[in-house]
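**Student:** next one to model:
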Amino acid sequence: MIYLLDVNVLIALAHKDSVFHASVSKWVAELDHSRDGLAFCAVAELGLVRILPQLAEADYTVEDAKLLLARLKAALQLPTPFFSDDLSAQELPSWVRTPRQTTDGHLATLAKAHGAMLATLDRKIPGAFLIPG
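**Tutor:** Residues are numbered from 1 along each chain as shown. This next block holds a predicted model:
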């Protein structure tokens, strides 16, 4: 299975002080390297680059976040496709009812359009894969 990584998963993987770092790292380590992959997209990558420098307990710049993302991708022992995004807001799923759900809905739809599944730490995204732990 190819999993499109949600912003929260990228942050957990990249930021070792995240409370979810261990569980997400364990999940990634247990994936089948001959069958599974971790996909990236502009929305999730930009979310990481935007949020990491805002973390109170961290001292990241935008440049640091970009470098960390590049190192993370290079270190993964799995295929890491990049999903191009040509979906419009009109394609948001019907369960998106609030502004806070728009990115989740968009990422879930993007994953589905590429034959993948959105991997997340958010329990409220219909049809997404919830990373254990």
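**Student:** the longest helix along the chain: which residues count as buried?
**Tutor:** With DSSP state H applied, the helix covering the greatest number of residues in the chain is identified as helix 62-75. The neighbour-count check on helix 62-75 (16 or more other Cβ atoms under 10 Å) flags 65, 68, 69, 72 as buried. The C-beta positions use only the backbone N, C-alpha and C, and glycine is treated the same way.
**Student:** verify the stated contact: the second one with residue 61.
**Tutor:** No: with the criterion set as Cβ atoms under 8 Å, residue 68 and residue 61 do not qualify as a contacting pair; they are 10.4 Å apart.
**Student:** before we move on, the earlier item: residue 88: which of the buried residues of helix 62-75 is nearest?
**Tutor:** residue 69 (25.9 Å; Cβ to Cβ).
**Student:** ok, and the closest non-adjacent residue to residue 92?
**Tutor:** Leaving aside its chain neighbours, residue 92 sits nearest to residue 105 (4.5 Å; criterion: Cβ to Cβ, 6 or more residues apart in numbering).
**Student:** can I get the helix or strand harbouring that neighbour in CSV, CA atoms only?
**Tutor:** Following DSSP states H and E, one finds residue 105 within helix 102-113. Provided in CSV are the C-alpha atoms of helix 102-113 (Å, rounded to 0.1, in the frame of the first residue of the first chain):
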residue,chain,number,x,y,z
THR,A,102,-10.7,21.2,4.4
THR,A,103,-7.1,20.1,4.3
ASP,A,104,-8.0,16.7,5.7
GLY,A,105,-10.6,16.3,3.0
HIS,A,106,-8.3,17.5,0.3
LEU,A,107,-5.5,15.1,1.3
ALA,A,108,-7.9,12.2,1.6
THR,A,109,-9.2,12.9,-1.9
LEU,A,110,-5.7,13.4,-3.3
ALA,A,111,-4.6,10.0,-1.8
LYS,A,112,-7.7,8.3,-3.3
ALA,A,113,-7.0,9.9,-6.7
